[in-house]
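# got a structure for you, letters missing:
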């Protein structure tokens, strides 16, 4: 069983994060408009998007690899950077069973919104939906 509350409690000690409202079983960082955070975060400041993913069985991980390859040029085009992804290995405190976690650094909210709205990205975003059964996107800033 996934216990997101444990993950968020751990992160709260390290980061000031704004969790997003649910849309279906996927949580995205938006409010009324896609990409608009629920917090009062400054739109011109650099931030880090925590991505936590649970893959669909029977090929979700491979499909997500295809998505990453297709989306990478659009992330870079809009100033997004990531230094790698991590596969959780063991729970030390609490319950957590995500398949993959990683951060993407964004220069500001405008860049993130432009990424999401980029027609080229929109053309490949279906791969993400086909790959994951659940996800969290959490906007964070360094403390």
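Sure, I can see it. Only a predicted model underlies this, so the values are computations on that prediction, with no experimental measurement involved.
# Okay, the residue nearest to residue 84 when sequence neighbours are not counted and residue 60: tell me how far apart.
Counting by C-beta to C-beta, 6 or more residues apart in numbering, residue 84 lies nearest to residue 102, which is 6.7 Å off, once chain neighbours are set aside. Using the backbone N, CA and C atoms, a C-beta is placed for each residue, glycine as well. Applying C-beta to C-beta, to the nearest Å, the value for residue 102 to residue 60 is 16 Å.
# related to what we said a few turns ago, next secondary structure element downstream of whichever strand or helix holds the residue nearest to residue 84?
For residue 102, the enclosing helix or strand under DSSP states H and E is strand 100-106. Per DSSP H and E, the first helix or strand lying C-terminal to strand 100-106 is helix 109-117.
# which secondary structure elements does the helix or strand just after that next one contact?
Scanning forward in sequence from helix 109-117 by DSSP H and E, the next helix or strand is helix 119-124. Contacts defined by 3 or more C-beta pairs under 8 Å, 6 or more residues apart in numbering; DSSP states H and E place helix 119-124 against helix 60-77.
# ok, and what's touching the helix it packs on?
Residues from elsewhere that reach helix 60-77 (C-beta atoms under 8 Å, 6 or more residues apart in numbering): 53, 55-56, 81-82, 99-100, 104, 115, 118, 120-121, 124-125, 127-128, 130-133.
# between it and helix 109-117, how many degrees?
130 degrees (axes from the mean of the first three to the mean of the last three C-alpha atoms, to 10 degrees).
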